[in-house]
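1. Quick check, what structure comes out for this input:
(one chain, ligands or ions: 1)
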Amino acid sequence: MPTFTAFTKTTGRLPAEAISALLENVIPEPTGVGVFEIEDGSGLWEVGAYFTEKPDAVGLALIAAANDAKDFIISELPDTDWVAKVRRDLAPVEAGRFFVYGSHDADKLPDDKIGLLIEAAMAFGTGHHGTTLGCLRAFDRLLTNGGTYENVADIGCGTAVLAMAAAKVNDTPAYASDIDEVAVAVAQSNVDANGLGDQVICLEAAGFSHEVLEAKAPFDLVFANILKGPLVALAPDVAAHTKTGGAVILSGILNPQASEVIDVYTRNGFNLIHHEEIVDWSTLTLEKSA
Ligand SMILES: C[S@@+](CC[C@H](N)C(=O)[O-])C[C@H]1O[C@@H](n2cnc3c(N)ncnc32)[C@H](O)[C@@H]1O
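-> Numbers count the residues shown, from 1 in each chain. Got it, this is the predicted structure:
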């Protein structure tokens, strides 16, 4: 499937509200679209998005509204070239005890880190984005504080980076699910490449709506790095599938949206125990109290 980009120049970076509007309005297939901002050194920003289909007037109007811009460069990127380029450019990421790396950097894995081998592909979750990094750091913090998690769900798993982190730490099962079949296929290939085929079960599901997830609940730990809208909608389901005393790590939340997500989860029986902001993105760690 071809990927399209639409980029334009602007004099300022996108405000958080504009990113939010783009994410909530343009995404028919979440993994296929991203919002990117690149400063070119002269103070000019290049902003734009990836689309799974040639961007229509709505997609372009949203970027234009955010930037006062009209001239777009729209191009089609062959998937293979894009993936190969990303793969070459990706540097490893350290997040607490975890080290996320591509096979081209296998020799850089430090002895004292838990390695997560992730090849760049058409799924989100290479560790570079503030949301994935925030989730890994939140998990590391829970472990440092003595938490043990034997039954873990990663809802919206993308590459399965979070489920694999949980499985490697505790040598226990983890359930990685995603609404997008391409992400599930990518997750499965990462799981196999990390030798976790017996431990991390990859499933295609929206939220918890899969018989395996229903059977394995309640979970000690639930990761959900999705977006604010789905996180709010899923709150009662997350509560119903998390053990009392268990933890949830939520991300994909723009900083100004965090208070709304905290309110909704508090009303569903969770206490906030940590909130980290990485650039524009918030990661919340909550404990189920009731
Ligand atoms: C931001 S990515 C997170 C990937 C990975 N967990 C990480 O932390 O890097 C969000 C993923 O959630 C999936 N997703 C979105 N809504 C979902 C839903 N309601 N149920 C399951 N997955 C969903 C998307 O397909 C996408 O792969």
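
2. Next, count neighbours for Lys54.
-> Lys54 is flanked by 11 other residues according to other CB atoms under 10 Å. Where you see a C-beta, it was placed from the backbone N, CA and C, and this is true even at glycine.

3. contacting residues for Asp220?
-> Asp220 makes contact with 148-152, 243, 246-247, according to CB atoms under 8 Å, 6 or more residues apart in numbering.

4. hmm, 10 Å instead?
-> 147-153, 166, 170, 172, 242-243, 245-247 (CB atoms under 10 Å, 6 or more residues apart in numbering).

5. May I ask which of those residues comes out lowest in pLDDT?
-> Minimum pLDDT for the contacts of Asp220 is recorded at Asn170 (80).

6. tell me which parts of the stretch 101-250 of the chain are close to the ligand?
-> Residues of the stretch 101-250 of the chain lying close to the ligand (CB under 6 Å from any ligand atom) are 123-125, 131-132, 135, 154-158, 161-162, 177-180, 183, 206-207, 225-226, 230.

7. Among those residues, which ones are in strands?
-> Counting by DSSP state E, these place 154-155, 177-178, 225 in strands.

8. Closest one of the residues you listed to the ligand?
-> Set against the ligand, the nearest of these by CB to the nearest ligand atom is Asn225 (3.5 Å).

9. Correct me if wrong: the closest one contacts Cys135.
-> Yes. Using CB atoms under 10 Å, Asn225 is in contact with Cys135, at 5.3 Å.

10. neighbour count winner among those two?
-> The neighbour comparison of Asn225 against Cys135 (other CB under 10 Å) goes to Cys135, with 29 against 26.

11. That one is in contact with Phe223, isn't it?
-> Yes. Here Cys135 reaches Phe223: they are 5.8 Å apart, a contact under CB under 10 Å.

12. what residues do the two have in common as contacts?
-> 154, 161-162, 165, 249-251.

13. if we can go back for a sec, got any residues that touch both of Asn225 and Cys135?
-> 125, 129, 154, 161-162, 249-252, 283.

14. Domains in the protein, by residue range?
-> Here the domain parsing of the chain from automatic domain parsing is 3-77, 123-288.

15. chain center to the longest one, what's the gap?
-> If I follow you right, that is domain 123-288. Centre-to-centre, domain 123-288 and its host chain are 9 Å apart (CA atoms, centre = their mean, to the nearest Å).

16. before we move on, back to that, now the buried members of the contacts of Asp220.
-> Neighbour-count burial (16 or more other CB atoms under 10 Å) applied to the contacts of Asp220 gives 147, 149, 151-153, 166, 170, 242, 246-247.

17. Next step: those residues restricted to helices.
-> Among the buried ones among the contacts of Asp220, DSSP state H puts 166, 170 in helices.

18. Of the buried ones among the contacts of Asp220, which is the nearest to Leu213?
-> Ala153 (6.3 Å; CB to CB).

19. Let me see the contact set for the closest one.
-> Contacts of Ala153 by CB under 10 Å, 6+ apart are 162-163, 166, 173-177, 201, 203, 208, 212-213, 216-224, 238, 241-242, 248.

20. filter those residues to the buried ones?
-> 162-163, 166, 173-177, 201, 203, 208, 213, 216-217, 219-224, 238, 241-242, 248.

21. Neighbours of the nearest residue to Gly130 once chain neighbours are set aside, how many?
-> Spatial nearest neighbour of Gly130, excluding adjacent residues (CB to CB, 6 or more residues apart in numbering): Ile278 at 3.4 Å. Number of residues near Ile278 (other CB under 10 Å) recorded here: 16.
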